[in-house]
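1. just to be clear, the model below is a prediction. Sequence and coordinates:
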Amino acid sequence: MPLTRLLDFVRGPRVSAVLAAVSGLTALGACIFAPAQPAAAATFVPISGAGSTWSYNAINAWATNVAGLGMRISYAAVGSTSGRQDFAQGTVDWAASEIPYGQDGSTSIPPPQRGFTYMPDTAGGVALMYNLHVGGSQVTNLRLSGAVIAGIFTNQITMWNDPKIAADNPGLSLLAEKIVPVVRTDSGGGANWTFTQWMSATQGASWTAYCAVVGLSPCAQVSAYPVQPGTNMIGNSGDFGVSGYVAQPTAEGAIGVTEYQFALETGFPVAKILNAAGYYTAPTPDNVGVSLLQAQVNANMTENLSQVYANTDPRTYELSYYSYMILPTALSSGMTSDKGYTLGAFGSYLLCQGQQQVDTLGYAALPINLVEAGFAQLQNVPGNQVPTTVTAQLQGCGNPTVAADGTDLLASTARMPAACDQLGPLQCAGPPPPPPSPQLAGTVPITMDVPPTGALTVTVAPGAVILIEQGTTAPLTATGTMNDVTVTDTRNTYPGWVVYGMVSDFAGGGSAAGSTIPGDQLGWRPMAVSPLVGGAALGTPVAPATSFPNGLGDTAQVLAAAPAGQGLGTNTLSASLTLDIPLVAAGPYSGSLTITYLSVGTA
């Protein structure tokens with residue numbers, strides 16, 4: 001059964017529109033709404049972000065935790081590149097990215113016109129995940145020096161029994177099998193960005209030579225790794241593409257560049273990397289945290305990892321890095337003081353208590369120097385009410401790297417590497433192999449009849465939504481947020497579901513009688529109000545027809561869907577709406593945005 005929204009649009013010196021959630025088609029009187037005014041006292045209001053897929057697990061957990069404090073934080077994991085673009089265009093309040101503006105070669109996005117700054121949010125390590133066996137047993141204690149890593153990922157070292165690899169691994173007798181380097185070739189890869197930055201800084205001759213071979217100019221760090229044709233190197237899209245390829249049973253000899261969390265999710269080992277102190281270390285939370293104690297902050301607030309690479313602390317993991325939260329520093333592009341207040345509170349939470357359990361998700365807690373840098377940048381968000389002194393920020397912060405009195409805790413407590421991890425004739429053994437699979441003794445048939453239970457319900461929250469005109473000169477647009485759509489599926493047969501939206505043309509009334517605005521002038525970007533469950537996924541954003549051939553219009557577009565075999569649970573959905581306003585007569589316009597749904601399989 002369709003659930004319908006009505007739009008009443010009024011064009012004037014300031015443009016606003018009303019969307020009311022109702023059941024069935026009803027008339028909605030024309031109204032003119034003034035732009036929202038700043039609140040007398042700061043209150044939490046919904047804020048939206050987009051960007052890094054690497055940071056998604058942490059941001060999603062934080063957003064869930066602060067919901068109990070009254071904060072509504074939505075985040076779309078669209079990738080660092082798209083996140084930076086969305087922030088620059090003002091379609092989100094903040095973004096998350098491993099890559100700064102203007103620094104990604106041909107796919108570079110220039111800095112936005114709106115004021116912004118960078119704040120540390122998640123830390124971790126780039127991992128070299130591998131699939132390697134000797135005598136039928138998985139190798140779990142591979143060690144690699146920087147020169148060998150550079151040789152592998154520039155196709156100069158192509159066999160696992162190469163003498164240079166043997167020198168790193170005195171306790172292993174690797175076979176004469178080919179090395180298959182696996183890299184991410186789509187833009188926006190934070191692991192590639194950090195890895196090629198490290199290559200350029202520490203293995204400059206190898207990286208420069210490789211740039212010449214693959215035609216990369218300028219020869220700088222990149223998020224899309226260049227693949228040399230005619231070699232064993234494999235290029236895939238996304239970190240799941242890299243980790244998924246390496247984890248295949250048929251991918252013997254593969255080694256991939258990915259974030260540590262993706263290796264953890266597959267259960268495959270990662271190489272220990274030789275550091276400046278002469279120890280081979282893994283990307284553990286302690287090692288990453290100790291490494292980033294040496295991270296410097298450039299004048300433009302981006303990271304400088306040169307001291308991490310040169311750090312002589314035995315615990316250093318050289319491929320450590322952190323992601324940025326891109327924060328607004330001006331009341332523009334839809335930013336308000338209440339949004340700034342909410343963003344300041346959310347940022348304070350993630351820098352402190354939010355870092356307590358990130359190690360279970362494959363990250364490392366931000367060390368004290370990056371927490372201090374984060375609070376310094378939160379001060380620049382308009383409307384924030386963050387404590388202004390370092391003492392007030394850090395005492396009782398709750399970050400596991402910071403003591404209760406606000407001093408550093410990590411440097412004195414992080415575990416030192418074992419003696420057998422030091423460069424030399426000894427090599428630590430890897431984790432023991434998993435126990436053998438149980439042997440089948442026989443089967444006993446058991447039958448039962450499971451009756452279908454539960455139901456699929458979809459509801460739209462009532463109330464009015466105001467679309468506010470952006471700008472005062474043509475071309476004009478109006479933006480806002482759709483009321484919540486709640487999808488609850490309790491069916492035990494898991495048939496899956498799809499929720500769609502389509503919109504009619506907007507008919508003018510009063511002084512605009514006889515004039516229309518085509519429905520395909522309305523676009524949307526689906527959003528998750530609460531973390532998605534049951535395998536649900538958001539639909540693809542649809543831009544207004546002036547910038548994309550479709551728009552919503554009378555063609556059903558997917559708001560969200562859960563495939564057959566999934567969908568159980570409750571998902572609360574919404575969408576940011578953008579209406580491109582053509583040259584039409586001034587006056588009230590109304591139309592209907594219809595939400596429909598269907599079951600994918602048999603209920």
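-> Now that the structure is in, tell me what you want to look at.

2. all strands for the stretch 451-600 of the chain, in order.
-> 456-460, 463-470, 476-481, 485-489, 497-503, 506-508, 516-517, 522-528, 537-538, 557-562, 569-581, 588-599 (DSSP state E, counting those that start in this stretch).

3. now swap in the stretch 201-350 of the chain and tell me
-> Assigned by DSSP E, counting those that start in this stretch, the stretch 201-350 of the chain shows strands spanning 234-236, 254-259, 272-274, 280-281, 296-297, 303-304, 320-328.

4. tell me the mean pLDDT for the second one?
-> Within the predicted structure, the mean pLDDT of strand 254-259 is 96.

5. please save the CA atoms from stretch 239-257 in PDB.
-> Provided in PDB are the C-alpha atoms of stretch 239-257 (Å, rounded to 0.1, in the frame of the first residue of the first chain):
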ATOM      1  CA  ASP A 239      39.500  -3.100   0.000                       C
ATOM      2  CA  PHE A 240      37.000  -6.000   0.000                       C
ATOM      3  CA  GLY A 241      38.100  -6.700  -3.600                       C
ATOM      4  CA  VAL A 242      41.800  -6.900  -2.400                       C
ATOM      5  CA  SER A 243      41.100  -8.900   0.800                       C
ATOM      6  CA  GLY A 244      38.500 -11.100  -1.000                       C
ATOM      7  CA  TYR A 245      41.000 -12.000  -3.700                       C
ATOM      8  CA  VAL A 246      43.800 -12.900  -1.400                       C
ATOM      9  CA  ALA A 247      41.500 -15.000   0.800                       C
ATOM     10  CA  GLN A 248      40.500 -17.300  -2.100                       C
ATOM     11  CA  PRO A 249      41.700 -20.900  -1.800                       C
ATOM     12  CA  THR A 250      43.000 -20.600  -5.400                       C
ATOM     13  CA  ALA A 251      45.100 -17.400  -4.600                       C
ATOM     14  CA  GLU A 252      48.200 -19.200  -3.300                       C
ATOM     15  CA  GLY A 253      51.100 -16.800  -3.400                       C
ATOM     16  CA  ALA A 254      49.000 -13.700  -3.300                       C
ATOM     17  CA  ILE A 255      49.800 -10.700  -1.100                       C
ATOM     18  CA  GLY A 256      47.600  -7.600  -0.900                       C
ATOM     19  CA  VAL A 257      47.700  -4.000   0.400                       C
END
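
6. how about it: buried residues?
-> For stretch 239-257, a neighbour-count test (16 or more other CB atoms under 10 Å) marks 239, 241-247, 251, 253-257 as buried. Glycine gets a C-beta too; all of them are placed from N, C-alpha and C.

7. go on, stretch 165-181?
-> Buried residues in stretch 165-181, counted by 16+ other CB under 10 Å: 165, 168-169, 172, 174, 179-181.

8. swap in stretch 295-315?
-> 295, 297, 301, 303, 305, 308-309, 311, 313-315.

9. about what we covered before: what's the closest of the strands of the stretch 451-600 of the chain to residue 145?
-> Shortest distance between residue 145 and the strands of the stretch 451-600 of the chain, using CB to CB, is found for strand 537-538: 41.4 Å.

10. quick check: mean pLDDT of that closest one?
-> In this model, strand 537-538 carries a mean pLDDT of 88.

11. where in the stretch 501-603 of the chain is pLDDT low?
-> Scanning the stretch 501-603 of the chain for pLDDT under 70 picks out the ranges 546-550, 601-603.

12. and with 90 instead?
-> Scanning the stretch 501-603 of the chain for pLDDT under 90 picks out 501-512, 514, 516-525, 527, 529-558, 561-567, 576-603.

13. also the stretch 351-500 of the chain?
-> In the stretch 351-500 of the chain, residues with pLDDT under 90: 357, 360-362, 396, 430-454, 460-483, 492-498, 500.

14. what sits against the closest residue to residue 551 other than its chain neighbours?
-> Among residues not flanking residue 551 along the chain, residue 520 sits closest, at 3.1 Å (CB to CB, 6 or more residues apart in numbering). By CB atoms under 8 Å, 6 or more residues apart in numbering, the residues touching residue 520 are 503, 544-545, 550-553.

15. do residue 515 as well
-> Contacts here follow CB under 8 Å, 6+ apart; on that basis residue 515 touches 508, 584-585, 587, 589.

16. now with 10 Å, please.
-> Taking CB atoms under 10 Å, 6 or more residues apart in numbering as the criterion, residue 515 is in contact with 506-509, 582, 584-587, 589.

17. just the buried ones from the residues you listed?
-> So, by 16+ other CB under 10 Å, the buried ones in the contacts of residue 515 are 506, 508-509, 584, 587, 589.

18. most widely separated two among those?
-> Once CB to CB is applied, those give 509 and 584 as the farthest pair, at 12.2 Å.

19. sorry, back to before: now, which of the buried residues of stretch 239-257 sits nearest residue 42?
-> residue 239 (37.9 Å).

20. that closest one and residue 448, how far apart?
-> As for residue 239, its distance to residue 448 is 41 Å (criterion: CB to CB, to the nearest Å).

21. same check, this time on residue 510
-> 65 Å.

22. what do you get for residue 318?
-> For residue 318, the distance to residue 448 - CB to CB - is 56 Å.

23. the more surrounded of the two?
-> Per other CB atoms under 10 Å, whichever of residue 318 and residue 448 has more neighbours is residue 318, with 24 against 4.

24. if I look at that one, how far off is residue 201?
-> 10 Å.

25. repeat for residue 112
-> Counting by CB to CB, the gap from residue 112 to residue 201 is 28 Å.

26. same thing with residue 484?
-> Distance from residue 484 to residue 201, counting by CB to CB: 47 Å.

27. and for residue 451?
-> Note on residue 451: its distance to residue 201, by CB to CB, is 64 Å.

28. those two - which one has more neighbours?
-> Shown here are residue 451 and residue 201; by other CB under 10 Å, residue 201 has more neighbours (16 against 6).

29. contacting residues around the residue lying closest to the more buried one once chain neighbours are set aside?
-> Distances taken as CB to CB, 6+ apart put residue 309 closest to residue 201, at 5.7 Å, once the chain neighbours are dropped. If you count contacts by CB under 10 Å, 6+ apart, residue 309 has them with 146, 197-198, 201-202, 275-276, 291, 294, 316, 318-320.

30. so which of those is the closest to residue 138?
-> Here the nearest of these to residue 138, counting by CB to CB, is residue 319; it sits at 22.2 Å.

31. residue 377 sits in which helix or strand?
-> For residue 377, the host element (DSSP states H and E) is helix 368-378.

32. what packs against that helix?
-> Helices and strands touching helix 368-378, by 3 or more CB pairs under 10 Å, 6 or more residues apart in numbering; DSSP states H and E, are strand 116-131, helix 285-292, strand 296-297, strand 320-328, helix 337-351, helix 390-394.

33. dump that helix to PDB, keeping only the CA atoms.
-> Output in PDB follows, covering the C-alpha atoms of helix 368-378 (Å, rounded to 0.1, in the frame of the first residue of the first chain):
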ATOM      1  CA  ILE A 368      47.300  11.700  23.200                       C
ATOM      2  CA  ASN A 369      49.000  14.000  20.700                       C
ATOM      3  CA  LEU A 370      46.300  13.400  18.200                       C
ATOM      4  CA  VAL A 371      43.500  13.700  20.800                       C
ATOM      5  CA  GLU A 372      44.900  17.200  21.600                       C
ATOM      6  CA  ALA A 373      45.100  18.100  18.000                       C
ATOM      7  CA  GLY A 374      41.500  16.900  17.600                       C
ATOM      8  CA  PHE A 375      40.200  19.100  20.400                       C
ATOM      9  CA  ALA A 376      42.100  22.100  19.000                       C
ATOM     10  CA  GLN A 377      40.200  21.700  15.700                       C
ATOM     11  CA  LEU A 378      36.900  21.200  17.400                       C
END
